[in-house]
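> for reference, the sequence and a predicted model appear below.
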Amino acid sequence: MDHYKVLGLHRTASKAEIKAAFQKLAFQFHPDKHSHSPKIVRDNATLRFKQVSEAYEVLMDDRKRADYNFRSRSTAAAGSSNYYSQYSYGYGRAGRSSSYEQRSRHKYGGGGSGGGGIASKFELAIRILTARSSLLNLGFAAAILGGIVVIDKSGESLWERQNSGKSFEEAMKSIEKAKAYRDDSVKERT
């Protein structure tokens, strides 16, 4: 099932075009509209309504749409005809396993038409790690960590330059002694 064909759209359709096509088709195939129709018409309308809803759900979500486009291009180039299994929830697929079984196999690496297993998990990890937002977050975290290290090291080197031969604890003791001496001298004057 090609989600773009279901909605009658081109792959470059905007979100507004997708929404308009969905509203038109959802109204046309809504089950309530066909409640008094013969059973075969009602079943076909319900099936088409589910397909239209599924296509809308996938194409309106930017991540799902990008993944769908990536999978459809990569498997179309490889010659496979079952590249929609990730986003096909079992509507109109006679002789195939249920959508729950496919998602479970995909999720737990059981293979099948969803392309599960280690290769799929590796592909997912690479896709997550190479996403622009992940790279930006990783770079930001590295910059913060580097800044912390630089500040810490520079603080230590400044301390050693200013207080040669003294540790921090020794310096604090001498400061306390100086404060006590000052307080005693102020008391003696009054």
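Nice, thanks for sending it over.
> and residue 124, how far is that from residue 140?
According to C-beta to C-beta, to the nearest Å, residue 124 and residue 140 sit 23 Å apart. Bear in mind the C-beta positions are built from the backbone N, C-alpha and C, glycine included.
> then residue 152?
If you measure residue 152 against residue 140 using C-beta to C-beta, the figure is 19 Å.
> and residue 14, by the same measure?
Counting by C-beta to C-beta, the gap between residue 14 and residue 140 amounts to 31 Å.
> just the helices from the protein, written as ranges.
With helices called from DSSP state H, the chain shows them at 3-7, 15-29, 39-60, 62-78, 99-107, 118-129, 132-162, 168-189.
> out of these, name the one with the poorest average pLDDT.
Mean pLDDT is lowest for helix 99-107 out of the helices of the chain, coming in at a mean of 43.
> which one of the helices of the chain is the most hemmed in?
With neighbours taken as mean count of other C-beta atoms under 10 Å, the helices of the chain reach their highest mean count in helix 3-7, at a mean of 19.
> endpoints of stretch 164-173, how far apart?
The distance separating the two terminal residues of stretch 164-173, taken as C-alpha to C-alpha, to the nearest Å, comes to 15 Å.
> over to stretch 5-13?
End-to-end distance for stretch 5-13, by C-alpha to C-alpha: 11 Å.
> what sits closest to residue 69 if chain neighbours are left out?
Counting by C-beta to C-beta, 6 or more residues apart in numbering, residue 69 lies nearest to residue 11, which is 6.9 Å off, once chain neighbours are set aside.
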